[in-house]
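[1] here you go, sequence then predicted model.
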Amino acid sequence: MKALYLVEHGSADKAFSLRETTKPVPKAGEVLIEVEGFGLNFADIMARKGQYRDAPPPPCIIGYDVVGRVVRKGAGVKDFAEGERVTAMTRFGGYAQYVVTDARAVTRVQEQTDITEAAALTTQYCTAYYCAAEMVHLHEGDTVVIHSAAGGVGSALLQYALHKKCRVIATTGSDTKVAMLQAAGAEHVINTSKEDFDEALMRITKGEGADVIFDAVGANQMRQGFQCLAAGGRIVCYGAAALNDANNIFSQVISGLQFGIYHPAELMMNSKSMIGVNMLRIADKKPQILKRCLDNVVRLYHEGVFKPQRGRVFKADQIAQAHHLLETRQTTGKVVCVWS
């Protein structure tokens with residue numbers, strides 16, 4: 001089979017090599033999937049640049065979600081029939097024509113489901129559901145801030161928050177995405193390229209602050225967000241995109257320090273909470289939670305609550321271009337690379 005190997009850290013133009021490798025064999029509890037297409041995530045960018053601690057060292061195959069067909073099952077797997085079209089989360093290995101993964105990280109999709117929608121349901125929508133439904137129970141009337149709300153996880157969080165009848169304040173750094181977020185239902189949109197987030201948020205909320213903040217950026221933005229939480233407020237951090245913009249060790253250290261230093265007494269006295277989310281760790285240690293999230297995501301998708309925006313499709317040999325557009329935030333919806 002063919003696979004795209006990450007052979008060196010750095011520029012996408014030089015990072016990947018298309019190679020022949022051995023088709024994997026499913027172990028007990030796993031399925032083998034013939035990959036129709038694999039999704040790109042921001043974690044892929046971090047792994048390519050050597051900034052994702054969990055990624056294996058080069059040469060390796062990265063990739064966290066695929067769409068394809070079950071072609072073989074390991075012992076004990078009863079949920080899928082060979083030939084069924086599925087979408088699945090993978091613990092790396094996704095940039096290949098065949099991949100094995102835990103059967104609990106796999107779910108069926110209909111033949112007519114767009115490949116970018118199907119791919120988005122796994123990593124992006126499962127992350128959003130885990131953040132908003134498992135780690136934070138949103139309530140009607142909550143003031144919810146969603147950073148990078150036009151992105152994959154951000155748009156899923158927006159849809160779920162609106163489903164729960166929350167007051168949504170979205171952020172983006174792009175002029176072109178402001179109108180899109182307003183049309184999607186955000187009550188307010190803060191363009192962070194033109195105004196300070198914390199000042200805008202406190203003005204919008206008349207000094208009350210936010211009940212929940214979902215943050216994929218980190219660094220100074222997370223510190224500002226924590227200061228802007230209302231009593232009982234929670235900030236959920238599921239990414240650190242700011243580290244991607246730090247292009248040397250010194251700027252990385254500065255970015256890391258900008259997260260701030262917190263003491264448990266400060267959280268207790270102000271009745272504020274900080275929640276960190278790493279879905280790879282959940283998949284490793286609590287696969288039953290991943291299965292529960294995936295089942296609920298698919299249910300909400302069929303009920304029309306979750307509506308993934310169709311994204312861009314590239315050929316597998318266009319991996320460098322796909323990475324570049326995702327890294328520079330020139331995409332909306334899920335980015336997928338296909339093998340044919």
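    Cool, got the structure. Being a predicted model, the structure only gives us computed values, none of them experimental.

[2] what about residue 183, which helix or strand?
    Taking DSSP states H and E as the definition, residue 183 sits inside helix 175-184.

[3] state the mean pLDDT of that helix.
    In this model, helix 175-184 has an average pLDDT of 93.

[4] tell me which residues in whichever helix or strand comes after it are buried?
    Using DSSP H and E, the helix or strand that follows helix 175-184 in sequence is strand 188-191. By neighbour count with 16 or more other Cβ atoms under 10 Å, strand 188-191 contains the buried residues 188-191. C-betas here are computed from N, CA, C, even on glycine.

[5] what of stretch 286-302?
    By neighbour count with 16+ other Cβ under 10 Å, stretch 286-302 contains the buried residues 287, 289-294, 296-298, 300-301.

[6] which one of these is nearest residue 97?
    Of all those, residue 294 has the smallest distance to residue 97: 23.2 Å, by Cβ to Cβ.

[7] now the closest one: closest residue in space that isn't a chain neighbour?
    Leaving aside its sequence neighbours, residue 294 sits nearest to residue 107 (Cβ to Cβ, 6 or more residues apart in numbering; 5.2 Å).

[8] so which residues of the stretch 151-300 of the chain form strands?
    Taking DSSP state E, counting those that start in this stretch as the test, the strands found in the stretch 151-300 of the chain are 167-172, 188-191, 210-215, 229-237, 273-276.

[9] which one of those lies closest to residue 51?
    Residue 51 lies closest to strand 229-237 among the strands of the stretch 151-300 of the chain, at 15.9 Å (Cβ to Cβ).

[10] outside of that closest one, which residues touch it?
    Strand 229-237 is contacted from outside by 131-132, 135-136, 143, 205, 208-216, 218, 222, 225-226, 270-277, using Cβ atoms under 8 Å, 6 or more residues apart in numbering.

[11] buried subset of those residues?
    Looks like the contacts of strand 229-237 have 131-132, 135-136, 143, 205, 209-216, 218, 222, 225-226, 272-274, 277 buried, using 16+ other Cβ under 10 Å.

[12] how distant is stretch 134-143 from the center of its chain?
    Distance, stretch centre to chain centre, for stretch 134-143: 19 Å (Cα atoms, centre = their mean, to the nearest Å).

[13] what mean pLDDT does it have?
    Mean predicted confidence for stretch 134-143 is 96.

[14] which parts of that stretch are buried?
    135-136, 138, 142-143.

[15] just these now: which is nearest residue 66?
    residue 135 (25.7 Å).

[16] can you tell me the closest non-neighbouring residue to that closest one?
    In this structure, residue 135 finds its nearest non-sequential neighbour in residue 275, 5.1 Å apart by Cβ to Cβ, 6+ apart.

[17] low pLDDT regions in the protein?
    218-219, 240-263, 265, 267 (pLDDT under 70).

[18] what does the helix ranked longest in it contact?
    The longest helix of the chain (DSSP state H) is helix 287-302. Helix 287-302 is contacted by residues 89, 102, 104-105, 107, 121-122, 125-126, 129-130, 133-134, 160, 163, 279, 282-283, 306-308 when judged by Cβ under 8 Å, 6+ apart.

[19] same question for stretch 174-186.
    Counting by Cβ under 8 Å, 6+ apart, 146, 149-150, 155, 158-159, 162, 168-170, 172, 189, 191, 193, 329, 332 sit against stretch 174-186.

[20] hmm, 7 Å instead?
    149-150, 158, 162, 168-170, 172, 189, 191 (Cβ atoms under 7 Å, 6 or more residues apart in numbering).

[21] one more: stretch 203-215?
    131, 136, 138, 142-147, 157, 169, 188, 201-202, 221-222, 225, 228-230, 232-237.

[22] and stretch 152-171, by the same measure?
    So stretch 152-171 is contacted by 120, 124-125, 127-129, 131-132, 138-149, 181, 184-190, 192, 197, 201, 204, 214, 216, 238, 305-307, 309, 334 (Cβ under 7 Å, 6+ apart).

[23] which residues in the chain form helices?
    Using DSSP H, helices in the chain cover 12-15, 42-48, 115-120, 123-129, 152-163, 175-184, 197-204, 219-227, 241-244, 249-257, 264-270, 279-285, 287-302, 319-327.

[24] of all those helices, which lies closest to residue 23?
    When the helices of the chain are compared (using Cβ to Cβ), the closest one is helix 319-327, at 20.3 Å.

[25] so which elements touch the closest one?
    If you count contacts as 3 or more Cβ pairs under 7 Å, 6 or more residues apart in numbering; DSSP states H and E, helix 319-327 packs onto helix 12-15, strand 30-40, helix 42-48, strand 335-338.
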